[in-house]
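In: My questions are about this predicted structure, shown below with the sequence.
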Amino acid sequence: MPRPDEPSITFKPVQLTLCIALGLWLGAVAIAASLWLAWRLIPETVEPLSQVVRPPAATASAAPEHQSQMFEQYKQILHNQELQQAEEQAEGSVRNLSNPKCQFWLQQNRTAPTEKSRALVLEFCN
């Protein structure tokens with residue numbers, strides 16, 4: 001005999017079967033709707049990405065020009081670094097400390113660096 005504080009559970013096989021079938025059907029509908037939505041949205045997001053990955057012909061023809069600009073910048077940076085190293089060596093040389101022209105152009109190059117002052121530092125300080 002059941003106790004009064006316990007709930008009574010009744011087993012109804014038809015209702016249980018219908019609930020399981022409804023759950024499976026709703027799950028299948030949810031999966032199908034998700035796949036359909038993904039199929040509709042993914043081409044919109046993939047298409048702009050493909051344009052970035054494969055640039056149009058106009059952009060591809062500009063690539064060598066861009067590369068030559070980058071190479072020119074690289075050469076300019078290397079040239080500036082060589083000049084700076086030469087200037088640092090000229091400043092540190094004991095022989096150049098006694099050379100007034102070298103000291104003058106070193107000071108000019110420190111206060112107002114130009115291509116002319118760099119060239120004259122290299123000329124008088126070596």
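Out: Perfect, I can see it now. Keep in mind that this is a model prediction, so the values were computed, not measured. Residues are numbered from 1 along each chain as shown.
In: Kindly report the domain assignment for this protein.
Out: Annotated domains of the chain cover 12-54, 74-126 [automatic domain parsing].
In: wait, what's in contact with Asp5?
Out: Contact analysis of Asp5 by CB atoms under 8 Å, 6 or more residues apart in numbering lists nothing. For every residue, glycine as well, the C-beta is placed using N, CA and C.
In: follow-up on the earlier one: out of the domains of the chain, which is the most enclosed?
Out: domain 74-126 (a mean of 14; mean count of other CB atoms under 10 Å).
In: In this protein, where is pLDDT below threshold?
Out: Filtered on pLDDT under 70, the chain yields the residue ranges 1-2, 44-62, 90-94, 126.
In: By residue count, which helix of it is the longest?
Out: Secondary structure of the chain per DSSP state H: the longest helix is helix 13-53.
In: tell me what the following helix or strand past that one is packed against?
Out: Where DSSP states H and E defines the elements, the next helix or strand beyond helix 13-53 is helix 57-92. With contacts defined as 3 or more CB pairs under 8 Å, 6 or more residues apart in numbering; DSSP states H and E, the packing partners of helix 57-92 are helix 100-111, helix 115-124.
In: For Cys125, see how far away Pro4 is.
Out: Separation of Pro4 from Cys125 (CB to CB, to the nearest Å): 109 Å.
In: related to what we said a few turns ago, out of the domains of the chain, which gets nearest to Gln67?
Out: domain 74-126 (10.3 Å; CB to CB).
In: from the middle of its chain, how far away would that closest one be?
Out: 37 Å (CA atoms, centre = their mean, to the nearest Å).
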